[in-house]
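**Student:** Next input, structure requested:
(chains A and B)
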Amino acid sequence: MIGQGRLAAWAVALAALVALPFLYRDPYHLHILVLILIWSFAYTSWSMMGRFGLVSLGHGGFMGIGAYVTALLWNHLGLSPWIGIPISMVAAGILALIVGYPCFRFRITGHYFVLVTLALSGIVLQVITATRDYTGGSLGYTPNRASGNKLLALQFDDKTTWYLIALGIWLFGILVWHWVDRSMARYALEAISEDEDAAAAAGVNVTAEKLKITLISALMTALAGAIYCQYQMFITPDTVSGIAVSLQMVFAAIVGGLFVSLGPTVGAIITILLAETLRIGFGTKAVGWDNLVYGVLLVLFIIFLPKGILGSVLDRLKPQPKVPRAHEQEAVQITGPGT
Amino acid sequence: MGMQAFLDIFDIYLLEAVINGILLGGVLALLALGLNLIFGVIDVTWICYAELVMIGMYAMYFMVQYYGVSYFVAAPLTILLVAILGALLHYLVIAPLLTAPPINQLLATGGVLFVLQSFATVAFGIDFRNLGIRLPVLAFGDMNFSYARLLSFLAALVGMVAVYLFMTRTFTGTAIRAISQDRQIMALMGVDTRRIYLITSALGGALAGLAACLLVLQYDVHPFVGLSFGPITFLICVLGGLGNFIGGFIAAFVFAEIISLGGLFSDLEWGYVLAFAFFIVMMFIRPAGLLARRR
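**Tutor:** Below you'll find the model as predicted:
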């Protein structure tokens, strides 16, 4: 499917991205790039579900579990993140299955699904706050500095190493996206998002397909949380979990575009640059101003660009069983006149 | 002798927690009613509902604590303020999106959540504030009840009865109920849907305002206070069936009991976690909600 030209373009772009930190060493700009890459990965993880109409506001919960479980295992049990991260991912995956199964089995969709997942991220935030004796509550949590092997502790001081790690994780996310995009699961999930009953009648196991993509998405999101924690070395319930983080993921993925692999990345670039610009513009003493402007812009975006980037993308989130989708109409037109 | 045996079986603390749960349920039912009203009539979920309550709590705080207004004067003003906020939310954000996909409306109110939270952070700072009103504790036998909770419960009941009377005894209320049954036909019958939607939104806001007046008696205000009861309100509405008033009412008391009894054994936050676990179990047992009216 992929053309020679596109493959070459990807290779060149990747080579440029890998070479970048060796040619350009401004620490602040590298820091922003690392953040963009990590969040892009998180947003891509969210869009794995979101593109099939599964709008989850629970991903803040998965991200929080990834970050906190990894850090807690390191601090309390001395377990290396190399083991801690897989454990945290499994924990997030189990939670995703526990919440996802009844939702999918009993056809909880639309508003209901959004609210249930919203409650999930709220509850994870509550648990982190409630266990303040271990997690530091809302004051935040810092993984202990490694005294020995840095690699074992997954703690690095230079930005270049982190940039390369983040780039690798981001690329992994894009590859998984393409893998799903070309799998049979994609067609099954698109059928489900258009009409669950029709898909079930056509022999698609609706519950199993939805659970699979939810599991993949949750595992990746937990990984994003763990990597974010290892990079920042400081997490608070509000920065890695909860409703605000979930909403941030949804907005970024939607602003950038849900149905193209680089959409969430574009969303991350736009939102993080916007937040950084506002933060610098308003200064650190005015806490909250960046989010205020950010929130207003997002509302305006949704209202005034309903048929722009957002509208065309979101129309497909709504099941429209009778109307053929855009690419099908195109296909008809191309074959229509005859060649 | 018989009385003593009764008390031995019935742990006094357990009974106290049960009654406190009922008292908490009143305010939760009020919150659920407001959200259900908006959903039932306009078919929109206000993700930022708890943040409207937060703004109301700040209004109460500043009027009572800062400007020395009497609580009973400040309360109606707060209810009015949040009602106006509710109408504004509909007019500025929801109305332009009425024909958009439902998920757009929901996400736009999510943006409003961001705006309200950060507005509170910018304007009021992140300090915890409280009214400084210490209401007496009611002693009944060996049990202690907070006067504030009792007052909240009664006020919430009065508020709900008032809404019920408004919906059943007035022309506007009847029009609201009719619209919630059939959106298209009522417009053809000459009902101005835009006006009804605005009134409903203001009513939903007023209920949030009333909840704010009651919650501020028991809890400190801070910009993120909405997060501590917002998720539980959403769970209540889903369990009761979105738009189902009676289901929401019952679910509110069930959840309040779980939170209260859970809090008996550990922190209040664990009560919330227990409530969520219960919710997941209930989805297996009664997937269509307590009183199924799910489409």
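**Student:** tell me the helices in the stretch 1-150 of chain A, going along the chain?
**Tutor:** In the stretch 1-150 of chain A, the segments counted as helices under DSSP state H, counting those that start in this stretch are A:4-23, A:27-50, A:59-77, A:81-105, A:110-130, A:132-135, A:150-153.
**Student:** Compare those helices and give me the one nearest chain B.
**Tutor:** Closest to chain B of the helices of the stretch 1-150 of chain A is helix A:110-130 (Cβ to the nearest Cβ; 2.9 Å). To be clear about C-beta, it is placed using only N, CA and C from the backbone, and glycine gets the same treatment.
**Student:** then the closest one to CSV, C-alphas only?
**Tutor:** What follows is helix A:110-130 as a C-alpha-only set of coordinates in CSV (Å, rounded to 0.1, in the frame of the first residue of the first chain):
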residue,chain,number,x,y,z
GLY,A,110,-22.3,7.6,23.7
HIS,A,111,-22.9,9.8,26.7
TYR,A,112,-23.0,6.8,29.0
PHE,A,113,-19.6,5.6,28.0
VAL,A,114,-18.1,9.1,28.3
LEU,A,115,-19.5,9.5,31.8
VAL,A,116,-18.5,6.1,33.1
THR,A,117,-14.9,6.6,31.8
LEU,A,118,-14.9,10.1,33.2
ALA,A,119,-15.8,8.7,36.6
LEU,A,120,-12.9,6.2,36.2
SER,A,121,-10.3,9.0,35.9
GLY,A,122,-11.9,10.8,38.7
ILE,A,123,-11.7,7.8,41.0
VAL,A,124,-8.0,7.1,40.1
LEU,A,125,-7.4,10.7,41.1
GLN,A,126,-9.2,10.1,44.4
VAL,A,127,-7.2,6.9,45.1
ILE,A,128,-3.9,8.7,44.5
THR,A,129,-5.1,11.5,46.9
ALA,A,130,-6.5,9.1,49.5
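**Student:** Report the inter-axis angle for that helix versus helix A:81-105.
**Tutor:** In this structure, helix A:110-130 runs at an angle of 140 degrees to helix A:81-105, with axes from the mean of the first three to the mean of the last three Cα atoms, to 10 degrees as the basis.
**Student:** Excluding sequence neighbours, find me the nearest residue to the residue nearest to the spatial centre of chain B.
**Tutor:** A centroid search over chain B (Cα atoms, centre = their mean) returns residue B:31, at 1.2 Å, as the residue closest to the centre. Spatial nearest neighbour of residue B:31, excluding adjacent residues (Cβ to Cβ, 6 or more residues apart in numbering or on different chains): residue B:233 at 4.6 Å.
**Student:** ok, the one you found - contacts?
**Tutor:** If a contact means Cβ atoms under 8 Å, 6 or more residues apart in numbering or on different chains, then residue B:233 has B:28, B:31-32, B:35, B:49-50 as its contacts.
**Student:** need the strands for chain B, in chain order.
**Tutor:** With DSSP state E, the ranges of strands along chain B come out as B:137-140, B:143-146.
**Student:** what does the average pLDDT come to for the first one?
**Tutor:** It stands for strand B:137-140. Over the span of strand B:137-140, the pLDDT mean works out to 69.
**Student:** Could you see whether chain B lies near the lengthiest helix in chain A?
**Tutor:** Of all segments of type helix in chain A, defined using DSSP state H, the longest is helix A:206-232. No: using Cβ under 8 Å from any Cβ of the partner chain, helix A:206-232 stays clear of chain B, with a minimum separation of 12.2 Å.
**Student:** and that helix, what other elements does it pack with?
**Tutor:** If you count contacts as 3 or more Cβ pairs under 8 Å, 6 or more residues apart in numbering or on different chains; DSSP states H and E, helix A:206-232 packs onto helix A:27-50, helix A:59-77, helix A:81-105, helix A:159-181, helix A:184-194, helix A:196-201, helix A:237-240.
**Student:** Of the contacts of residue B:233, keep whichever come out buried.
**Tutor:** By neighbour count, with 16 or more other Cβ atoms under 10 Å in any protein chain shown, those hold B:28, B:31-32, B:35, B:49-50 as buried.
**Student:** which pair in the residues you listed spans the largest distance?
**Tutor:** Every pair in the buried ones among the contacts of residue B:233 was compared (Cβ to Cβ); the two farthest apart turn out to be B:28 and B:49, at 12.4 Å.
**Student:** contacting residues for the residue nearest to the centre of chain B?
**Tutor:** Contacts of residue B:31 (Cβ under 8 Å, 6+ apart): B:49-50, B:53, B:207-208, B:211, B:229, B:233, B:236, B:252.
**Student:** One more: residue A:125?
**Tutor:** Under the criterion of Cβ under 8 Å, 6+ apart, the contact list for residue A:125 reads A:60-61, A:64, A:237-238, A:241-243, B:227.
**Student:** how near is it to residue B:73?
**Tutor:** In this structure, residue A:125 lies at 36 Å from residue B:73, with Cβ to Cβ, to the nearest Å as the measure.
**Student:** Now for chain B: which helix has the highest residue count?
**Tutor:** Among the elements of chain B assigned as helix by DSSP H, the one spanning the most residues is helix B:12-42.
**Student:** quick one on the thing from earlier: could I get the helices of the stretch 1-150 of chain A as JSON lines with distance to residue B:203 and mean pLDDT?
**Tutor:** Putting these into JSON lines (distance: least, Cβ to Cβ, whole Å; pLDDT from 0 to 100) gives the following:
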{"stretch": "helix A:4-23", "distance to residue B:203": "54", "mean pLDDT": "84"}
{"stretch": "helix A:27-50", "distance to residue B:203": "33", "mean pLDDT": "93"}
{"stretch": "helix A:59-77", "distance to residue B:203": "31", "mean pLDDT": "94"}
{"stretch": "helix A:81-105", "distance to residue B:203": "31", "mean pLDDT": "93"}
{"stretch": "helix A:110-130", "distance to residue B:203": "20", "mean pLDDT": "85"}
{"stretch": "helix A:132-135", "distance to residue B:203": "39", "mean pLDDT": "86"}
{"stretch": "helix A:150-153", "distance to residue B:203": "56", "mean pLDDT": "82"}
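**Student:** Please convert those helices to TSV, extending it with distance to residue A:298.
**Tutor:** As requested, these are exported to TSV (distance: least, Cβ to Cβ, whole Å):
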stretch	distance to residue A:298
helix A:4-23	28
helix A:27-50	14
helix A:59-77	16
helix A:81-105	26
helix A:110-130	16
helix A:132-135	29
helix A:150-153	37
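**Student:** To residue B:101, which of the ones you listed lies closest?
**Tutor:** Proximity to residue B:101 (Cβ to Cβ) singles out helix A:110-130 among the helices of the stretch 1-150 of chain A, at 10.2 Å.
**Student:** near chain A, which residues of the stretch 51-200 of chain B show up?
**Tutor:** Counting by Cβ under 8 Å from any Cβ, the residues of the stretch 51-200 of chain B lying close to chain A are B:93, B:96-97, B:100-104, B:106-108, B:110-115, B:117-122, B:126.
**Student:** Whichever of these end up buried, select them in ChimeraX.
**Tutor:** In ChimeraX, this line selects whichever of those come out buried by 16+ other Cβ under 10 Å:
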select /B:93,96,97,100,101,102,103,104,106,107,108,110,111,112,113,114,115,117,118,119,120,121,122
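**Student:** Helices - which of the residues of the stretch 51-200 of chain B next to chain A land there?
**Tutor:** Secondary structure assignment by DSSP H places B:102-104, B:106-108, B:110-115, B:117-122 of these in helices.
**Student:** Give me the pLDDT for residue A:326.
**Tutor:** Model confidence at residue A:326 (pLDDT) stands at 46.
**Student:** host element of residue A:245?
**Tutor:** In this assignment (DSSP states H and E), residue A:245 forms part of helix A:243-256.
**Student:** which element follows that helix toward the C-terminus?
**Tutor:** Secondary structure here is assigned by DSSP H and E; on that basis, the next helix or strand after helix A:243-256 toward the C-terminus is helix A:263-282.
**Student:** So what's the residue count around residue A:265?
**Tutor:** Close neighbours of residue A:265, defined as other Cβ atoms under 10 Å in any protein chain shown, add up to 25.
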